[in-house]
Structures are given as structure tokens and as C-alpha cells.
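# this is a predicted model, with the sequence first.
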Amino acid sequence: MAKAKTQFVCQNCGTVHTRWAGKCEGCGEWNTIVEEDPMGGIGSGPGKVPKKGRPVTLTSLSGEIEEAPRIPTGISELDRATGGGFVRGSAVLIGGDPGIGKSTLLMQAAAALSRRGHRVIYVSGEEAVAQVRLRAQRLGAAETDVLLAAETNVEDILATVSEGKRPDLIIIDSIQTLWSDTADSAPGTVTQVRTGVQAMIRFAKQTGATMVLVGHVTKEGQIAGPRVVEHMVDAVLYFEGDRGHHYRILRTVKNRFGPTDEIGVFEMSDRGLREVSNPSELFLGERNEKSPGAAVFAGIEGTRPVLVEVQALVAATSLGTPRRAVVGWDSSRLAMTLAVLEAHCGVKLGQHDVYLNVAGGYRISEPAADMAIASALVSSLAGLALPADCVYFGEISLSGAVRPVAHTVQRLKEAEKLGFSAALLPSGSAELPKAGKGRWTEIESLPDLVARIAGSGNRFKQVEDDEY
């Protein structure tokens, strides 16, 4: 008889090991590796004889396509992030830091759908019924017909939601608290999380109910548990924000039924989350137009243009190794920009500390911010304030050239709407607006940008000398 094989799985990250160890090589955590039975996999010894399979019907790629039916929530920012609302029969995973507002957002969405006549069930595994009711009263959702339960057993939850009329939306808060009788491990482990999510997704696909799952995140900001959970669900949303700021961003990283680069912007208040229809005004609200080292970047998040201020501070260092501190941008991208400035523009920053910050706690992910970052760095080093009515965008290559980026028209229209009359953009940008009050200046290379900023400083100095 062949010897049955076992595997050792980390309960924190899901890494599979061939033998037990005190420390996981995948995540570095201690005492998280547990022995598991692969349940009759290949080479695991004798098991049940597999039954004969049945042939399934094959079809062609051509044919009628039915659009997935959606349930609009009435919260426009949430509908934007999900692609127009929740799709029936889909599973949505929402992650975020503790206290960021995940439960608040879902309670407001549940109340909005209940007011529209949908049957909504809210299952809490972390809070008691009385605690959830207190939040509902604060958010003005206590008078709605949202059905509430406090339960963590998977079988009990499925038996409860299966009774009566099929629910339109089921909220599970959170998947780390679920446990099933079929798995012999503690709640929150990889086995229990995978088993619970599989059962919930199976119920959603069979009945057509929308399943929204809340997931905890690790200290690196990723959803805790096995990454296979993110592959199993239909959409993954991250709720981001800084506790020092009052705004929150709902970012889509996976969506089988819509775009994967949309965001929804909310503002946290004592009455819950308020929608922000114009995020650019929020990120530019406290802008100092006469301060050196500040540039306005015209960015794109999905289909939405967003204007945000980039702040840079370049100061002589007193340390042997200059310090580089970045908030809201990629630190490796900053190192590349500094290297290009020094190699192609002669801007010496090797003996200076560099501090870079994106105003409002916003995070920039697109490389189109390179030119705004470079402008802010040169402005801070020279002590010259950039024009207050100008926006910047463009990608910088290692050769010093400025490359065109997409959605130029949307960026410029958003800038015009907010009162910006000038823009520095890459040369060769397609579809520049022909009509408008804006002054668009095309930049071919980074040395041209540095020379333009230095030339404007000389003109300002000449004006001051003439006045005195």
C-alpha cells in the first residue's frame, strides 16, 4: 500500500511546504504552519473510486450575448466603482484597513437597496446585533427593512438565507470569522476561509443572489488569507484612506463585469460616508499658490480625471547619505527621476535631502505624474514658485525624453473646468483641444522643462529688479 502524503500549509499566507518548519518562508510568520490532508490527491494513496463523468454540451463563441443584470445601489460613487451596480449572482470581496469605513459603506448600501424594495440580509460575525443597530441609527438606516443576523457558522448562515424569498443582496462581515463543520481548523485559517468562501460563492451562483464579502488586510495592505480567494470572487474592491484625512477611496482592482481602474471617492463624517462628485476640488482645497516646490498634476483614474497637488522639498543634507522620503508615490520612481535630472539636466541632488508628498493623502499610480514630480523638485531646489494656473503631466523616459500619455483631452478639460488656463504636456500628444481658452505648451525632453522653469525664474527676477 502506498504511503499517504500530507502537506504543510501556512495559515497566514497559504504557502505549501513539504515539511513542518517553525517559520514560514512565504510571509516570515512564526508558528503558522499546520499539517493538512490533501484529500485524496495524486499520490495520496488509495481513495474513493472516481465515478464516470458525463459529457457536457459544447457551443460556439458566436451567439446572443445577454448583459449581466445589475442592481444599482443609488450611491453613485459605489456604482461607479462596481461598473454600474452589483451584478446578480456575483461575489464581491471588499478589503481595507481596520476602521476605514467598510462596514459603514455596506450598511449605507444595504439601506439604499432596501429603500428601493430589494431584500437585503446583513450577517455580522464580528459585532453583536445591538452594536450593528447602533451604527444603523447613526447612519439613518434603522427604519429600513434590512434583515440582520449575528452568526459565524457557514451551514447556519446558508440555512438562514435559504428560507423564504430569495435575497437580492447578502453581506458577510467578515470572511475571517466564518467556520465550517467540514474543516477541522480554527476560524480565520486558510482552510476555513477557503471553505467558507467556496460555500458562499456556490450559493450565489445557484440562487442569483449577490454576495458581498468583507476581508481583513495584512500590514502590507493585502487581503489576508490565501490569494485563491481573490481568484474565486468576481470583483475585488479596496477601501483606501488615511486616518489623518477625512476622505476615502474605493478602488477596483478586479471586476469580471466592468472596468478595473475606476475609483469612488467618499468623505467621512459623523453621519457616515458622503459622496464626493468632484474629487479635484477636494485635493486642491488647501493649496498655497506662492510656495516653491508645488505642482498640480492632471491625472486619470479610470474614466475620471483628477487634479492633485504634488509637493516637494529639497534641502541641503547634514548626513553622509541623503534622505529620500516619499508619501503617495513610488519611491523607485522618484529615484529614477532624480537620476535622469542629474544625468541629462545637470541638476545636482546628491547632497540634498528630498521629501515628496501628494497632498490630501492621495496615492498616484500612473507614470504620467513624472513631469509634475520633476517640476516640483526643480522648483523647490531653485526656490521658484511655479505658475498657479498651470498643470503638468507626462511620462519621463531614462533618455530624458517626455513621452505622451493617454486621455489628454479629458485632463485638459478638467483643468479648464477648475480654472487652470495653462498646461505643460508631452510633445506629440494626440487630439489636443482646438477651441478653448487654455495655453498648451508641448515639452519634448526634460532639459526643456528645466530650462523653462529656470527661464521663468530669470524673468521674475528681472521684473523685481525693474520695480526697485
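All right, it came through fine.

# A374: which element?
helix 370-382 (DSSP states H and E).

# looking at the protein, which helix or strand is least sure?
When each helix and strand of the chain is scored by mean pLDDT, DSSP states H and E, helix 446-467 comes last, with a mean of 63.

# check contacts around V306.
Applying C-beta atoms under 8 Å, 6 or more residues apart in numbering to V306 gives the contacts P279, S280, F283, G299, I300, Y362, E414. Using the backbone N, CA and C atoms, a C-beta is placed for each residue, glycine as well.

# can you tell me how far it is from E275?
Distance check for V306 against E275: by C-beta to C-beta, to the nearest Å, it reads 15 Å.

# surely E267 and I249 touch.
No: using C-beta atoms under 8 Å, E267 makes no contact with I249, being 10.7 Å away.

# these two - which one has more neighbours?
Neighbour count, other C-beta atoms under 10 Å: between E267 and I249, I249 has more, with 24 against 16.

# count of residues packed around G244?
Neighbourhood size, G244 [other C-beta under 10 Å]: 7.

# now the biggest strand by length in the chain against helix 370-382, angle please.
If you go by DSSP state E, the chain has its longest strand at strand 304-316. Going by axes from the mean of the first three to the mean of the last three C-alpha atoms, to 10 degrees, strand 304-316 is angled at 30 degrees with respect to helix 370-382.

# what residues sit buried inside strand 304-316?
R304, P305, V306, L307, V308, E309, V310, Q311, A312, L313, V314 (16 or more other C-beta atoms under 10 Å).

# next, give me the two most distant ones among those residues.
R304 and V314 (31.5 Å; C-beta to C-beta).

# so the residue most central in space within the chain: helix, strand or coil?
For the chain, the residue sitting closest to the mean C-alpha position, by C-alpha atoms, centre = their mean, is R251 at 3.5 Å. Under DSSP: H, G, I helix; E, B strand; the rest coil, the three-state class of R251 is strand.

# ok, it touching A81?
Yes: in this structure, R251 is within contact of A81 by C-beta under 8 Å, at 7.3 Å.

# overlap of the contact sets of those two?
Common neighbours of R251 and A81, using C-beta under 8 Å, 6+ apart, are L237, I263.

# what does stretch 279-291 rub up against?
Residues outside stretch 279-291 that contact it (C-beta under 8 Å, 6+ apart): 247, 265, 267, 276, 294, 296, 304-309, 359-360, 362, 385, 388, 414, 418.

# quick revisit: can you put the buried residues of strand 304-316 in TSV and add distance to E395 and pLDDT?
Output for those, formatted as TSV (distance: C-beta to C-beta, whole Å; pLDDT from 0 to 100):
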residue	distance to E395	pLDDT
R304	20	88
P305	17	91
V306	17	92
L307	18	94
V308	17	93
E309	19	93
V310	15	94
Q311	20	93
A312	18	95
L313	23	95
V314	22	95
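
# want to throw these into JSON lines with distance to A183?
Shown next, in JSON lines, are the buried residues of strand 304-316 (distance: C-beta to C-beta, whole Å):
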{"residue": "R304", "distance to A183": "42"}
{"residue": "P305", "distance to A183": "47"}
{"residue": "V306", "distance to A183": "44"}
{"residue": "L307", "distance to A183": "49"}
{"residue": "V308", "distance to A183": "45"}
{"residue": "E309", "distance to A183": "50"}
{"residue": "V310", "distance to A183": "49"}
{"residue": "Q311", "distance to A183": "50"}
{"residue": "A312", "distance to A183": "52"}
{"residue": "L313", "distance to A183": "53"}
{"residue": "V314", "distance to A183": "55"}
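
# which one of these is nearest H352?
Nearest to H352 among those, counting by C-beta to C-beta, is V314 at 5.0 Å.

# I figured that closest one hits Q351, correct?
No: counting by C-beta under 8 Å, V314 sits too far from Q351 to count as a contact (10.4 Å).
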